[in-house]
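Student: Predicted coordinates and the sequence they were generated for:
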Amino acid sequence: MHLFPHLLAGLEFRTLPEQLVNGLFLGAIYALIALGYTMVYGVLRLINFAHGEVYMLGAYTALFVSYALGFGVGSTVTSSSVLNLLIMLLASMTVCSIVGVVIERFAYRPMRSHSRIASLITAIGVSLFLQYAGALFLPNSPPPSINEQVNPFRGSTQLTLVGPPASALQAIRDAKPAAEQATAAFNNYLKAHPTESEFNISPAGQPLRDAARTAEDKLESAEREVTGSGVTITIRYGELIIFITSLILMGILKYLVSNTRPGRAMRAVSHDFDSASLMGVNVNSIVTFTFIVGSALAGAGAMMQATFKGTPMTTFFGLLPGVKAFVAAVLGGIGNIPGAVLGGLLMGVAETLMIWLGYSRYADAIAFVVLIVVLLFRPEGLLGSAEVDKV
C-alpha cells in the first residue's frame, strides 16, 4: 500500500513537461512511419512489414548524400546550410519512393490474387532480405552516423514555464555582493603575499579564505535553489524542425488524400477494388502511388532522425521504429490516417514517460504492451471502426 506514494516521491515532476514535449517530438517520427503502414493497409489490406527497412534505406541515403556534400568521415568542412538539408531530405524521399515501388511491383503485386497469409509471409521475407542483403553492401560495422557538422541547427533554447520564487532570486541578489567582496579581499591578500596560496596559507590569511569560501558556498546554494525550483523546457532546434516538418508533411498528405483526384481514387480503391476499377480507376497506378507516398514519408522521417539526432546506423536501423510505428497505426486504427498520427504521438509520449519513470530499459517494450492492450480491449483502434468481413 505504501509502494505507490514511495514511487511518486522519487519522481522529478519538474521535468515532466520537458519529457512530454520530447515525447511529442519522438512521436512525430513514429507518425510519419505509421502513415505508410496505414495507407498500404487501407488500400491493399496488407501489413507492409518491409516498411521499416524502407525507413532504414532512407537513413543510409541521407548518409551517402552527406558524404557527397563533403561531410564524410574525417571531413574538415565545418559550415552547413539549409540547402544541404533539403537535398538530403529530397534524396531520401526519392530513393525510398523508388524502393517502395520496386517492392510493390515485384513482391506484392504477384501475390495480390493469393491469400492474405501468403502476402504477409512475402512482406516478412522482403523485410529479412533487405536487412541481411543490405549488410553485404552497406557500411554496418562499426555503425556509421551522419557528421553533426551537416546540421546547422545544433543549438537549443530554453522556455520557462514557472519561474523561481521571488525569495530565491532575492537570496542570490543578497549573496552575490558579499561573495564578490569576500573573494576580492582574499585575492588581494594573495597578491600581497605571493609565497602563499589557497592551499598553503598562513594563520593571518585563513579568516579571509574561510570568509570567501563561506560566501561562495552561500551564493552557489542560492543559485541551485533557483535552478531547482523553476519549471523549464529545453528544446533542441533539430527536434523542433523534425516536429514542424512532420506536421507540414502530414498536412500535405491530408490535402492530397482529401482534395485531389489521386486522393479520391485512393479512397475509392480502399473502399472496393472492383467497383473502383469499373468506374475507370487504374487500380495498379493508385496502389503504386500509395507506396510512393507512404515510402517518401518514411524516408523523410529517417533522414531527420539520422541527421538531427545522429543515430548510428545498421541494416537493423528500421526494425524497432518500424515495429513501434506499426503499433502506433494499430493504436490509432489501422487504415485511418488521423489515427496513425494520433497513435504515433501517443507512442512517443508513452516511451518517454517510461524513461521518466526510471524504466529506460523497458522503454522499447512499451510498444508491445500497448499492442496487447489494444488488441484485447479495442482491436479496431482509437479512431478506427469495427468492420465485419463477409465470407
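Tutor: Great, that's in hand.
Student: what are the ranges of the strands in this structure?
Tutor: Ranges of strands within the chain are 156-162, 231-236, based on DSSP state E.
Student: Would you convert those into JSON lines that also reports mean neighbour count?
Tutor: C-betas here are computed from N, CA, C, even on glycine. Formatted as JSON lines, the strands of the chain follow (neighbours: other Cβ atoms under 10 Å):
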{"stretch": "strand 156-162", "mean neighbour count": "11"}
{"stretch": "strand 231-236", "mean neighbour count": "16"}
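Student: Out of these, which gets the lowest mean score?
Tutor: Lowest mean pLDDT within the strands of the chain: strand 156-162, at a mean of 77.
Student: What strands line up against that strand, and which way round?
Tutor: strand 231-236 (antiparallel) (DSSP bridges).
Student: where does the stretch 151-300 of the chain have low pLDDT?
Tutor: 163-169, 225-230 (pLDDT under 70).
Student: Setting aside sequence neighbours, what's the nearest residue to residue 371?
Tutor: residue 327 (4.6 Å; Cβ to Cβ, 6 or more residues apart in numbering).
Student: for the stretch 151-300 of the chain, what spans make up the helices?
Tutor: 166-192, 206-229, 237-259, 261-271, 273-278, 283-308 (DSSP state H, counting those that start in this stretch).
Student: To residue 58, which of these lies closest?
Tutor: Residue 58 lies closest to helix 283-308 among these, at 3.3 Å (Cβ to Cβ).
Student: Could you tell me the angle between the direction of that closest one and that of strand 231-236?
Tutor: 110 degrees (axes from the mean of the first three to the mean of the last three Cα atoms, to 10 degrees).
Student: Buried residues in stretch 308-315, which are they?
Tutor: Buried residues in stretch 308-315, defined by neighbour count with 16 or more other Cβ atoms under 10 Å: 308-309, 313-315.
Student: which one among the residues you listed gets closest to residue 359?
Tutor: For those, the nearest to residue 359 is residue 309 (21.3 Å; Cβ to Cβ).
Student: who's in contact with the residue nearest to the closest one when sequence neighbours are not counted?
Tutor: In space, and not counting its chain neighbours, residue 309 is closest to residue 238: 7.0 Å by Cβ to Cβ, 6+ apart. If a contact means Cβ atoms under 8 Å, 6 or more residues apart in numbering, then residue 238 has 151, 153-154, 307-309 as its contacts.
Student: any idea how far residue 193 is from the residue with the largest distance to the centre of the chain?
Tutor: Ranked by distance from the centre of the chain (Cα atoms, centre = their mean), the top residue is residue 204, with 59.8 Å. Per Cβ to Cβ, to the nearest Å, residue 204 is found 8 Å from residue 193.
Student: do the same with residue 326
Tutor: For residue 326, the distance to residue 193 equals 72 Å [Cβ to Cβ].
Student: what do you get for residue 157?
Tutor: 46 Å.
Student: Give me the domain ranges for this protein.
Tutor: Listed by automatic domain parsing, the domain ranges of the chain are 12-156+235-377, 164-229.
Student: could you dump these to JSON lines with distance to residue 384?
Tutor: JSON lines is the format used below for the domains of the chain (distance: least, Cβ to Cβ, whole Å):
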{"stretch": "domain 12-156+235-377", "distance to residue 384": "2"}
{"stretch": "domain 164-229", "distance to residue 384": "44"}
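Student: Give me whichever of the ones you listed is most buried.
Tutor: Compared across these, domain 12-156+235-377 shows the largest average neighbour count, a mean of 19 (mean count of other Cβ atoms under 10 Å).
Student: Would you mind measuring the gap between the ends of that domain?
Tutor: Domain 12-156+235-377 has an end-to-end distance of 32 Å (criterion: Cα to Cα, to the nearest Å).
Student: starting at the chain centroid, how far to it?
Tutor: 11 Å (Cα atoms, centre = their mean, to the nearest Å).
Student: And for stretch 177-188?
Tutor: With Cα atoms, centre = their mean as the basis, stretch 177-188 stands 48 Å off its chain's centre.
Student: who's in contact with it?
Tutor: By Cβ under 8 Å, 6+ apart, stretch 177-188 touches 205, 208-209, 211-212, 214-216, 218-219.
Student: Return the alpha-carbon coordinates of it using PDB.
Tutor: Extracted in PDB, the C-alpha atoms of stretch 177-188 (Å, rounded to 0.1, in the frame of the first residue of the first chain):
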ATOM      1  CA  PRO A 177      27.800  41.200  -3.500                       C
ATOM      2  CA  ALA A 178      29.100  39.600  -0.300                       C
ATOM      3  CA  ALA A 179      30.700  36.700  -2.300                       C
ATOM      4  CA  GLU A 180      32.400  39.200  -4.700                       C
ATOM      5  CA  GLN A 181      33.600  41.300  -1.800                       C
ATOM      6  CA  ALA A 182      35.000  38.400   0.200                       C
ATOM      7  CA  THR A 183      36.600  36.900  -2.900                       C
ATOM      8  CA  ALA A 184      38.200  40.200  -3.800                       C
ATOM      9  CA  ALA A 185      39.600  40.600  -0.300                       C
ATOM     10  CA  PHE A 186      41.200  37.200  -0.300                       C
ATOM     11  CA  ASN A 187      42.700  37.700  -3.800                       C
ATOM     12  CA  ASN A 188      44.200  41.000  -2.700                       C
END
